[in-house]
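>>> Build me a model:
(one chain, ligands or ions: 2)
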Amino acid sequence: MITILNDNFSQLNDFLHQKSFSKIFILVDENTHEYCLPILLGNMETDLGFEILEIEAGEEMKNIQTTNQLWEILTEMQADRKALIINLGGGVVTDMGGFVASTYKRGIQFINIPTTLLSMCDASIGGKTGIDLMHYKNMVGTFAFPEQIFIYPKFLETLPYKELRSGFAEMLKHGLIADKSHWENLIQIHKLDIEAIIPHINVSMNIKNKVVEQDFHEKNIRKTLNFGHTIGHAIESLCLEQGNPLLHGEAVAAGMICEAHLSYLEKLISEEDSTNIIENIQRYYPYLDIADFKDDDIFSLLLNDKKNTDNKVNFSLLSNIGSCLFDHQCHQKNIQKSLTFYRNLN
Ligand code: NAD
Ligand code: ZN
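Ligands and ions are numbered 1, 2, ... in the order given. Purely as a prediction, here's the structure:
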């Protein structure tokens with residue numbers, strides 16, 4: 001269940017009072033420790049007391065070493081199966097905290113209190129937990145639902161602009177794949193700031209939640225959430241390899257441009273719609289220089305995507321503004337054309 005918190009966090013307090021947890025652990029990273037924990041602690045009423053678990057900030061921390069440290073601390077602090085973990089942070093904290101909770105003693109309860117736009121609209125919802133392995137993202141993980149997700153949009157007040165813009169890409173995606181009016185409302189926003197974005201968070205969160213509820217194990221409609229992510233992930237990986245890491249949403253924005261054009265080349269949407277989508281995405285995101293990336297390197301990454309089967313690349317492509325189909329296999333020349341199209345946008 002997803003709840004938007006009041007300023008006094010009354011719903012969180014009700015939840016903590018109703019359940020009899022043996023101990024509460026709050027997982028934070030260094031930034032959410034500084035910016036979000038004081039707000040949480042200023043409002044949280046518990047007679048139980050709590051322990052803070054802190055990790056360094058950043059995707060590089062989402063690994064088995066950090067996971068192991070957290071398992072060990074829980075063991076040393078004698079966390080039993082009635083303990084609760086509160087994940088207070090962005091997607092790194094909610095993914096890894098969910099993974100730690102769902103595996104420690106075969107599973108203890110956890111709640112997510114997301115603090116980035118990306119985690120409010122996307123990462124904290126849907127029951128996927130996990131960590132990275134070597135340089136592969138989310139290779140090890142579980143499907144596990146938090147007891148509750150509590151959203152407090154005011155946490156975004158301290159979030160850096162680039163992080164806000166990264167999360168906004170997922171919101172645009174939600175509109176494009178599922179709700180034309182959401183897309184149209186979002187593109188009315190001229191300046192990306194929290195006042196403009198907050199009123200729309202609810203809609204995005206509900207789209208993600210509804211899609212997941214219909215297809216928890218990603219057998220069909222959940223795949224539509226991958227729009228922009230097939231080419232987006234390849235660009236994200238190549239930039240990382242070159243030592244120029246991108247934020248996830250920046251790569252997804254470029255991926256959505258390529259895949260909107262690809263949707264047109266595959267005759268799924270009109271040229272007019274694809275131009276409208278692309279011009280609007282370009283208003284928010286700078287051009288990424290992918291001129292040096294070889295098509296072959298991009299293709300081999302596309303083939304490696306864990307969503308594929310039978311050595312075929314499965315795309316989720318738009319069939320309209322506000323609807324999306326999945327498991328679509330494209331002509332290779334069209335994939336190439338969509339990459340060339342992006343390069344020529346410069
Ligand atoms: P993140 O957790 O790394 O947070 C981004 C940065 O913002 C970090 O430096 C963090 O410390 C800082 N931060 C967080 N909240 C803040 C606040 N309120 N004020 C100031 N700084 C704050 O990254 P993210 O973008 O939230 O999430 C990315 C992760 O989410 C990736 O690991 C990705 O794989 C995962 N993800 C998971 C799912 C899923 O379904 N499980 C979906 C999408 C993404
Ligand atoms: Zn994403």
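>>> For the closest residue to Phe145 other than its chain neighbours, grab phi and psi.
Distance criterion C-beta to C-beta, 6 or more residues apart in numbering; nearest residue to Phe145, sequence neighbours excluded, is Gly127 at 4.4 Å. C-beta: built from backbone N, CA, C; applies to glycine. Dihedral angles of Gly127 (phi, psi; degrees, to the nearest 10) stand at phi 80, psi 20.
>>> again with Phe110
Per degrees, to the nearest 10, the backbone of Phe110 is at phi -140, psi 160.
>>> Contacts only, for it.
Phe110 sits next to Leu84, Ile85, Ile86, Asn87, Gly97, Gly98, Ala101, Ser102, Ala144, Pro146, Glu147 when contact means C-beta atoms under 8 Å, 6 or more residues apart in numbering.
>>> Just the ones of the residues you listed in helices?
Within the contacts of Phe110, residues falling in helices by DSSP state H are Gly97, Gly98, Ala101, Ser102.
>>> got CSV for those residues, with pLDDT and neighbour count too?
Converted to CSV, the ones in helices among the contacts of Phe110 look like this (pLDDT from 0 to 100; neighbours: other C-beta atoms under 10 Å):
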residue, pLDDT, neighbour count
Gly97, 98, 29
Gly98, 98, 28
Ala101, 98, 29
Ser102, 98, 22
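>>> in the stretch 101-250 of the chain, which spans are strands?
109-114, 128-133, 136-143, 149-151 (DSSP state E, counting those that start in this stretch).
>>> which one of these has the most crowded surroundings?
Highest mean neighbour count of the strands of the stretch 101-250 of the chain: strand 109-114, a mean of 27 (counted as mean count of other C-beta atoms under 10 Å).
>>> quick one, that strand and strand 128-133 angle?
Using axes from the mean of the first three to the mean of the last three C-alpha atoms, to 10 degrees, one finds that strand 109-114 and strand 128-133 are set 80 degrees apart in direction.
>>> Show the average pLDDT along strand 109-114.
In this model, strand 109-114 carries a mean pLDDT of 98.
>>> quick check, that strand touching ligand 1?
No: for strand 109-114, no contact with ligand 1 is found by C-beta under 6 Å from any ligand atom; the gap never falls below 7.2 Å.
>>> So which bits of the stretch 1-150 of the chain are right by ligand 1?
Within the stretch 1-150 of the chain, the positions near ligand 1 by C-beta under 6 Å from any ligand atom are 29, 31-32, 35-36, 57, 59, 62, 89-93, 95, 115-116, 118-119, 122-123, 126, 128, 137-138.
>>> could you flag which of the residues you listed are buried?
Those of these that meet the buried threshold are 29, 31-32, 36, 57, 59, 62, 89-93, 95, 115-116, 118-119, 122-123, 126, 128, 137, by 16 or more other C-beta atoms under 10 Å.
>>> Spell out which parts of the stretch 201-346 of the chain neighbour ligand 1.
His248.
>>> just the helices in the stretch 201-346 of the chain please.
229-241, 248-265, 271-284, 295-304, 332-343 (DSSP state H, counting those that start in this stretch).
>>> quick one, phi/psi of the closest residue to Asn31 other than its chain neighbours?
Leaving out its chain neighbours, the residue that sits closest to Asn31 by C-beta to C-beta, 6+ apart is Ala57, at 5.1 Å. Ala57 adopts backbone torsions of phi -80, psi 150, taken as degrees, to the nearest 10.
>>> Measure how far stretch 59-71 is from the centre of its chain, please.
Its chain's C-alpha centre and that of stretch 59-71 lie 19 Å apart, by C-alpha atoms, centre = their mean, to the nearest Å.
>>> same check, this time on stretch 263-271
27 Å.
>>> Which of the helices or strands spans the closest residue to Gly58 other than its chain neighbours?
Spatial nearest neighbour of Gly58, excluding adjacent residues (C-beta to C-beta, 6+ apart): Val92 at 7.0 Å. Applying DSSP states H and E as the criterion places Val92 in helix 91-103.
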